[in-house]
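Asks: have a look at this prediction, sequence included:
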Amino acid sequence: MKVKVRYFAALREKVGASEELVETHAQNAIELFHQLNKKHNFPLDPGHLKVSINRHYQDWNCQIKADDEIVFLPPVAGG
Amino acid sequence: MFVLSKNPINQSDLPANLKAPNNGGIVSFEGLVRNHNEGRGVCSLEYECFEEMALREGNEIIKEAVIKFGVTDLYAIHRYGHLEIGEVAIRVAASAPHRQEAFLACQFLIDEIKRRVPIWKKEHYVEGVSEWVACHQSSCGG
């Protein structure tokens, strides 16, 4: 299946793109993270990131499905 | 209403409903770009936002405040893009018949926005380097 992954802040700069379409067999967000981490060597690990699926915060073990929009969110710093 | 703005936040720019005749007071908070952070001199910064989720999450926080404090006239605007020292980064306002719920709602809004809304800050330091705030694994505190 294909999913869309978007990148922001430190992850966007490391990846060199703000989004990519990813072909994956990952069942959940943490499996997808590990798949992509091999390619991009992200500067933050899951303990320092949160994950959103279709613009809602979710747990790392939340199931993903085709066409989902997934974001690994660095620590927020608004305000 | 939660709003994102690339343009400077106008200090007189509050929605008219906050001055509805049943409200007796407005509590507002403005966050400004300061010239230092954790002992380092800051000369300017960038805010980057995940716009669609930030708007959804920001408006969800406002809905929660309405339920929690019974206050209906709430407003928050967050700037993004490049900001200079002294510019307004965020403005939050709560209007209510009495001051107590206005103070409580305003505090809740700023605290939850800082905690949950997907906005990131990159500081440009006087020594010429730039860093994303809170994006070092060693400084994230687990």
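Replies: Looks like it arrived, so ask away. Numbering: from 1, shown residues only, chains lettered A, B, ... in the order given.

Asks: now do A:Asp45: how many residues are near it, please.
Replies: As a burial measure, the neighbour count of A:Asp45 was computed by other C-beta atoms under 10 Å in any protein chain shown and equals 11. Using the backbone N, CA and C atoms, a C-beta is placed for each residue, glycine as well.

Asks: no no, B:Ser130
Replies: A count of nearby residues for B:Ser130, using other C-beta under 10 Å, gives 13.

Asks: hmm, B:His124 and it touching each other?
Replies: Yes. Between B:Ser130 and B:His124 there is a contact under C-beta atoms under 8 Å: 4.7 Å.

Asks: all strands of chain A, in order?
Replies: A:2-6, A:19-23, A:50-53, A:56-58, A:69-73 (DSSP state E).

Asks: who does the last one touch, helix- and strand-wise?
Replies: So the one you mean is strand A:69-73. Here strand A:69-73 is seen to pack against strand A:2-6, helix A:29-40, strand A:50-53 when contacts are counted using 3 or more C-beta pairs under 8 Å, 6 or more residues apart in numbering or on different chains; DSSP states H and E.

Asks: which strands and helices lie in contact with the last one?
Replies: With contacts defined as 3+ C-beta pairs under 8 Å, 6+ apart, the secondary structure elements packing on strand A:50-53 are helix A:29-40, strand A:56-58, strand A:69-73.

Asks: name the strands paired with that strand and say parallel or antiparallel.
Replies: In the sheet, strand A:50-53 lines up against strand A:56-58 (antiparallel), strand A:69-73 (antiparallel) (DSSP bridges).

Asks: highest average neighbour count across the ones you listed?
Replies: For these, the largest average neighbour count (mean count of other C-beta atoms under 10 Å in any protein chain shown) is found in strand A:69-73, namely a mean of 21.

Asks: what's the angle between that one and strand A:2-6?
Replies: Orientation check (axes from the mean of the first three to the mean of the last three C-alpha atoms, to 10 degrees): strand A:69-73 against strand A:2-6 gives 40 degrees.

Asks: so residue 73 bridges to which residues?
Replies: With no chain named, the answer covers chain A. With DSSP bridges as the criterion, the beta-bridge partners of A:Leu73 are A:Lys50.

Asks: let me rephrase: I mean chain B.
Replies: With DSSP bridges applied, the residues forming beta bridges to B:Asp73 are B:Ser95.

Asks: and the residue of chain A found nearest chain B, how many neighbours?
Replies: Nearest to chain B in chain A, going by C-beta to the nearest C-beta, is A:Gly78, at a distance of 3.2 Å. By other C-beta under 10 Å, the residues close to A:Gly78 number 26.
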